[in-house]
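**Q** Show me how the following folds:
(chains A and B)
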Number of protein chains: 2
Amino acid sequence: MTGPSIAPLTPVRYLQRSAVVWGDRVATHFQGTCTSYAELLERCERLAGGLRARGVAPGERIATLLPNLPALLELHFAVPGSGAVLVPLNTRLSVSEYTYILDHAGVRCLVTSPALAEVAAAAAAAAAAKKPTEVIVVDEGSEYESLATNSDRLDLGDVDENDLFSINYTSGTTGRPKGVKYTHRGCYLHALGVITEARLDAASTYLWTLPMFHCHGWAFPWAVTAMGARHECLDGVEPAIVWRTLREQRVTHMCAAPTVVSMLVEAPEAAPLDQPVALFVGGAPPAPALFERARELGMQITHLYGLTETYGPMVVCAWKPEWNTLSQQEQMDLRARQGVSTVVSEPLRIVDADMNDVPADGEVTGEIVMRGNNVTTGYYRDEEATERAFAGGWFHSGDLGVMHPDGYVQLRDRIKDIVISGGENISTVEVEVALLAHPAVTEAAVVGAPDERWGEVVKAFVILKGGSELTGDELRAFARERLARYKVPKIIEFVDDLPKTSTGKIQKFVLRDRARTAK
Amino acid sequence: MTGPSIAPLTPVRYLQRSAVVWGDRVATHFQGTCTSYAELLERCERLAGGLRARGVAPGERIATLLPNLPALLELHFAVPGSGAVLVPLNTRLSVSEYTYILDHAGVRCLVTSPALAEVAAAAAAAAAAKKPTEVIVVDEGSEYESLATNSDRLDLGDVDENDLFSINYTSGTTGRPKGVKYTHRGCYLHALGVITEARLDAASTYLWTLPMFHCHGWAFPWAVTAMGARHECLDGVEPAIVWRTLREQRVTHMCAAPTVVSMLVEAPEAAPLDQPVALFVGGAPPAPALFERARELGMQITHLYGLTETYGPMVVCAWKPEWNTLSQQEQMDLRARQGVSTVVSEPLRIVDADMNDVPADGEVTGEIVMRGNNVTTGYYRDEEATERAFAGGWFHSGDLGVMHPDGYVQLRDRIKDIVISGGENISTVEVEVALLAHPAVTEAAVVGAPDERWGEVVKAFVILKGGSELTGDELRAFARERLARYKVPKIIEFVDDLPKTSTGKIQKFVLRDRARTAK
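**A** Model prediction:
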């Protein structure tokens, strides 16, 4: 269906509108250079025209290997706006991983920064055996700048809303990365959900701490642009620079994984902000102590949940005004829950192996399954994985959770992370939350360690707050007040660091290996 | 296209979500009775089930003849949620107009209030010659209450997003009313635009001053529901009751036509609010004096523009933070502009007779034309009118306007209201704005009066602020400072009242008749 009463839903429209409404307002700021919304659209139209003139046809894949530079934002509009498909690459992978993705996605051009150009060239050369990948470097006076200022301008957004917008490769802790497909329609609607939750407006300033390559920075490239707010770009997440920028640029909004928040609140530069910042946290439930510390510093945390396959966060721990009168402990318990689907998202279900809903009692666990406009249309060039993920007509998250009587979802564990000890299923997340409730604990990761008698026993890796002293027995005693006896970690190892993926998630498979070898 | 990654866009989803997320919060409040969001969904499901059990099939038309009672809100979800089509009738039409609409739309049931039951029954009886229309009265212990509490519950929202949601009959100042078709998709997206502009959240309270039957109350039935905010219902717009409710219920948002705002700010109960209210005004540009007076009382006005065919307001005078530093006069000039399309709307064009864009110089007038998801799919059972309205693939608003260099649109006149005097086209809106700038003027309406020498001359009907004294010559002298000499009204008539449509628009055809007879 088409005609004057149907316009395709595409986030490219947000930029086109802001170039008119907020044309002379700052779109991006990076290291002293500002670009207005009118200039941003013009650069995107020229980029799209330049790529088209080089022969990039609609449907072809353009990859990026970039930190949160303005160029990455531009490519978010220029590439899909021209009908091509964006493939944003994580900046912390290995050459062989890049080579695999470039081959798998059949990437035509790879846009990168000077710092990453060598890795990009190596991957492109290795991938070129199958199909040549051109490398374009973002730099002053570079080929990228010629493209962004060339004389061919292309009108953006001549697309079908169900066209492919991008392919987002999963970090793939085990096995090959999979290419998660996003559509223009999905991105457009997901962004409206973010605008609604984050209450962005033209006076907002968004700080780019969360990588834009990770689920498109949770839709903020489009949401911030749609509202004519300011993108404050960063090429890394140095705490000193983040704190200085928060203050000097009067930042109002930012996103981060709990590990990044942890790093920020413990930095020497941490001190209360005179203007509060709305902080969106996802990837793992933030520890109550972290919540409290961030609050003291002027960061108002909202807890989100989602996967690459759900365009990033599609679930929000929606806070009810009446909860403000509850006790600290009750509030912490409520804040630990992942919550409810956002206003543009379909309801989640928690199901058993036969796709029956588990009772909404906050006790019985099942798998969290999703569907709707902000759920991937499948894995690129992988029919088999797509069919497996969508068995029964719902996307299977691989996450175990419970449904509370009030309709709020709480994550229990990744299915593959669950510990089975003496025949009992133990949620590692539940144990972690109990350990994190101790004021001296800043991070905790729980895995199963092989055990002859019990099959597995619970082992915890714990990072203590700087200057704290705590023994394993003390922490065990603390945990016993909150957990059934069989869930209390038998082994506690205090560590300085935890292995993490490039998106800040703890790599439990590494810890499981360590737990196995330690025995 | 369908599947797990495409969910139909329908505003019914907003209620289903809020029944979970905000289940125990107040959805509607009317005369001391509160209904929670969980209860509201349940009532809607039972209403839908009850109507289905009575044989109402998907696609059938259900009309309402109701003031802003909770029942009208319920029917906004229950009727389209069941696949039937809502036909909200203006409460101020004549029996013969209702009869025409009931016949034209082939209405199966007409839901009304006790006060309007007699008129409804008369219209239904007259229409029954073609097809029987059942009348259902909303009252305690009534048939409506049995439907809303019956044991058949229907799951809502099993629809295609391009299905007909409703038919909104135009007030039809001339000719027969036309049935403007709305789709589920259009309503869903339009509501997100309103949420974004109005910055509603769960703590908001919306006061129902704008009739819900008028373009679905500018999408607020869905927008307020989506955010879990409170609907404060009213069965009329008595200034004393409005002022009392604003204070006692701590209202945060409301909408009104300028004439209603005028009535409110001049009421004896008008006094500054201790909590500001966001007031959305559309239908006609608000006079600067009215803006100022409302501001003093704590009402923050946003100026909107649209037509029934654009789901109500699709244009907003988006305010730039930097404009706050301009002079009062400059700010007033900017506020008088209709503005830019909302974030979910496609850009407007202003075109000449050959569909070429007029220059964006703020001078050359052309017709405002629109397209996009929140533009009607056409007139119900009127192919000819639909084709005429969509000539060239764009909806023709019938409004003349100019495009300013910054992309903001300003209305000049309805095409049919333009005055042609001595071969010059004169915008009656431009003249009205000049007259309204006088502090003693509260309302002004300009029409052409027949004249032997000039063809037409400009005649103004003017209402003065209570207690003000002003002569026609004084007002003409004032207008001459703002207008070209030929635009200054030759004839000024001071009146106590202006004829208005049921939606508060001035009926210029009545004034033109008076101007003709007066000669």
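**Q** From here on, just use CA atoms for contacts and neighbour counts.
**A** Noted.
**Q** tell me which parts of the stretch 101-250 of chain A are close to chain B?
**A** The stretch 101-250 of chain A comes close to chain B at residues A:192, A:195-196, A:199, A:202-203, A:226-227, as judged by C-alpha under 8 Å from any C-alpha of the partner chain.
**Q** Same list (the residues you listed) but as a markdown table, adding neighbour count and pLDDT.
**A** Formatted as a markdown table, those follow (neighbours: other C-alpha atoms under 10 Å in any protein chain shown; pLDDT from 0 to 100):
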| residue | neighbour count | pLDDT |
| --- | --- | --- |
| A:192 | 26 | 98 |
| A:195 | 23 | 96 |
| A:196 | 20 | 94 |
| A:199 | 18 | 93 |
| A:202 | 20 | 94 |
| A:203 | 13 | 93 |
| A:226 | 27 | 98 |
| A:227 | 24 | 97 |
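**Q** In helices only, show me those residues.
**A** A:192, A:195-196, A:226 (DSSP state H).
**Q** Wait, residue A:460 touches residue A:444, no?
**A** Yes - counting by C-alpha atoms under 8 Å, residue A:460 touches residue A:444, with 6.7 Å between them.
**Q** Of all pairs in the residues of the stretch 101-250 of chain A next to chain B, which one is the farthest apart?
**A** Greatest spatial distance among those (C-alpha to C-alpha): A:192 and A:203, at 17.5 Å.
**Q** Helix or strand with the lowest mean pLDDT in chain A?
**A** Ranking every helix and strand in chain A by mean pLDDT, DSSP states H and E puts strand A:424-426 at the bottom, with a mean of 83.
**Q** name the helices or strands packed onto that strand?
**A** Counting by 3 or more C-alpha pairs under 8 Å, 6 or more residues apart in numbering or on different chains; DSSP states H and E, the packing neighbours recorded for strand A:424-426 are strand A:419-421.
**Q** tell me which parts of chain A are close to chain B?
**A** Within chain A, the positions adjacent to chain B are A:3-7, A:14, A:17, A:20-22, A:192, A:195-196, A:199, A:202-203, A:226-227, A:318, A:320-321, A:340, A:343, A:346-347, A:371-377, A:390, A:393-395, A:406-408 by C-alpha under 8 Å from any C-alpha.
**Q** again, only this time at 7 Å
**A** With C-alpha under 7 Å from any C-alpha of the partner chain as the criterion, chain A meets chain B at residues A:4-7, A:14, A:20-21, A:196, A:226, A:340, A:343, A:371-377, A:393-394, A:406-407.
**Q** which residues of the stretch 301-450 of chain A fall in helices?
**A** For the stretch 301-450 of chain A, applying DSSP state H, counting those that start in this stretch gives helices covering A:328-335, A:383-389, A:428-436.
**Q** Need the winner for burial among those.
**A** Ranked by mean neighbour count, the helices of the stretch 301-450 of chain A are led by helix A:428-436 with a mean of 23 (mean count of other C-alpha atoms under 10 Å in any protein chain shown).
**Q** got the angle for that helix vs helix A:328-335?
**A** Angle of helix A:428-436 versus helix A:328-335, following axes from the mean of the first three to the mean of the last three C-alpha atoms, to 10 degrees, is 150 degrees.
**Q** list the helices and strands helix A:428-436 packs on?
**A** Helix A:428-436 sits against strand A:409-414, strand A:441-451, with contacts defined as 3 or more C-alpha pairs under 7 Å, 6 or more residues apart in numbering or on different chains; DSSP states H and E.
**Q** Need those strands in CSV (columns: mean pLDDT).
**A** Output for the helices and strands packed on helix A:428-436, formatted as CSV (pLDDT from 0 to 100):
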stretch, mean pLDDT
strand A:409-414, 89
strand A:441-451, 91
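**Q** Would you mind giving those as TSV with mean neighbour count added?
**A** Putting the helices and strands packed on helix A:428-436 into TSV (neighbours: other C-alpha atoms under 10 Å in any protein chain shown) gives the following:
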stretch	mean neighbour count
strand A:409-414	22
strand A:441-451	23
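**Q** could you dump those strands to a markdown table with distance to residue B:329?
**A** Below are those laid out as a markdown table (distance: least, C-alpha to C-alpha, whole Å):
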| stretch | distance to residue B:329 |
| --- | --- |
| strand A:409-414 | 53 |
| strand A:441-451 | 57 |
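**Q** Quick check: which of those is nearest to residue A:161?
**A** strand A:409-414 (30.4 Å).
**Q** ok, back up a step: any chance of the helices of the stretch 301-450 of chain A in CSV with mean pLDDT as columns?
**A** As requested, the helices of the stretch 301-450 of chain A are arranged in CSV below (pLDDT from 0 to 100):
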stretch, mean pLDDT
helix A:328-335, 87
helix A:383-389, 94
helix A:428-436, 89
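**Q** Could you export these as a markdown table, including distance to residue A:181?
**A** As requested, the helices of the stretch 301-450 of chain A are exported to a markdown table (distance: least, C-alpha to C-alpha, whole Å):
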| stretch | distance to residue A:181 |
| --- | --- |
| helix A:328-335 | 31 |
| helix A:383-389 | 10 |
| helix A:428-436 | 29 |
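**Q** so which of these gets nearest residue A:45?
**A** Here helix A:383-389 is closest among the helices of the stretch 301-450 of chain A (C-alpha to C-alpha), at 34.2 Å.
**Q** what's near enough to touch the nearest residue to residue A:335 once chain neighbours are set aside?
**A** Distances taken as C-alpha to C-alpha, 6 or more residues apart in numbering or on different chains place residue A:317 nearest to residue A:335, at 6.8 Å, with adjacent residues excluded. Neighbouring residues of residue A:317 by C-alpha atoms under 7 Å, 6 or more residues apart in numbering or on different chains: A:302-304, A:335, A:337-340.
**Q** try it again with 10 Å
**A** By C-alpha atoms under 10 Å, 6 or more residues apart in numbering or on different chains, the residues touching residue A:317 are A:302-305, A:334-342, A:408-410, B:21.
**Q** and if you look at residue A:193?
**A** Residues near residue A:193 by C-alpha under 10 Å, 6+ apart: A:187, A:199, A:219, A:223, A:313-314, A:341-345, A:374, B:192.
**Q** Would you mind measuring from the residue nearest to residue A:335 to residue A:292?
**A** 16 Å (C-alpha to C-alpha, to the nearest Å).
**Q** cool, residue A:323 as well?
**A** 16 Å.
**Q** Looking at these two, which one has more neighbours?
**A** More crowded of residue A:323 and residue A:292, by other C-alpha atoms under 10 Å in any protein chain shown: residue A:292, with 15 against 11.
**Q** Need the nearest residue in space to the residue sitting furthest away from the middle of chain A, chain neighbours excluded.
**A** The outermost residue of chain A relative to its centre, with distances by C-alpha atoms, centre = their mean, is residue A:453 at 39.4 Å. Using C-alpha to C-alpha, 6+ apart and skipping the chain neighbours, the partner closest in space to residue A:453 is residue A:422 (7.9 Å).
**Q** Repeat that for residue A:108.
**A** Residue A:108 sits nearest to residue A:133 (C-alpha to C-alpha, 6+ apart), 4.9 Å away.
**Q** these two touch, right, the one you found and residue A:101?
**A** No - taking contacts as C-alpha atoms under 10 Å, residue A:133 lies outside contact range of residue A:101: 11.6 Å.
**Q** who touches both of those two?
**A** A:63, A:107, A:123, A:127.
**Q** Quick check: the farthest pair among the residues you listed?
**A** Distance extremes for the shared contacts of residue A:133 and residue A:101: the farthest pair is A:63 and A:127 at 13.0 Å, using C-alpha to C-alpha.
**Q** Show me which of the two is the more surrounded one.
**A** residue A:63 (27 against 23).
**Q** my guess is that one is in a helix, correct?
**A** No - counting by DSSP: H, G, I helix; E, B strand; the rest coil, residue A:63 is not part of a helix but strand.
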